[in-house]
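*Asks:* just the structure for this:
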Amino acid sequence: MTAANNAAFGRLFLFRGSRMQDQESTLVIVKNLVAWLGVAAGHVFSSITLSNFALTVTSVYGALSAYVLMRDKILPRRKGRGS
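*Replies:* Numbers count the residues shown, from 1 in each chain. The predicted structure is shown next:
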């Protein structure tokens, strides 16, 4: 690339001198924070096994299904008969 092309590229992408270095430093910090948060989350959730997770999700789904069934099918019949 020629000097004019480099200058045009710099203006186009707003990379001017130390600003590019600041952006790179910020990006490196963000990447490291994401990695450390992932490690921390892994330690917190390491005691949860796949079978325990599946049992919990199935229980929650079953409870919500029972609630929706009662709300939509059983409770409207009671209201219709009594009133």
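*Asks:* hey, where'd the helices end up in the protein?
*Replies:* 3-13, 18-44, 50-69, 75-82 (DSSP state H).
*Asks:* and those, which one is worst for confidence?
*Replies:* Sorting the helices of the chain by mean pLDDT places helix 3-13 lowest, at a mean of 54.
*Asks:* check contacts around Leu33.
*Replies:* Neighbouring residues of Leu33 by Cβ atoms under 8 Å, 6 or more residues apart in numbering: there are none. No exception for glycine: its C-beta is placed from N, CA and C like everyone else's.
*Asks:* from Gln21, how far out is it?
*Replies:* Leu33 sits 19 Å away from Gln21, taking Cβ to Cβ, to the nearest Å as the criterion.
*Asks:* equivalent analysis for Thr56, please.
*Replies:* Taken as Cβ to Cβ, the span from Thr56 to Gln21 is 47 Å.
*Asks:* what do you get for Leu27?
*Replies:* Distance, Leu27 to Gln21, using Cβ to Cβ: 11 Å.
*Asks:* for Val39, same thing?
*Replies:* Taken as Cβ to Cβ, the span from Val39 to Gln21 is 27 Å.
*Asks:* please apply the same query to Asn32.
*Replies:* 17 Å.
*Asks:* what does Ser47 give?
*Replies:* In this view, Ser47 and Gln21 are 42 Å apart by Cβ to Cβ.
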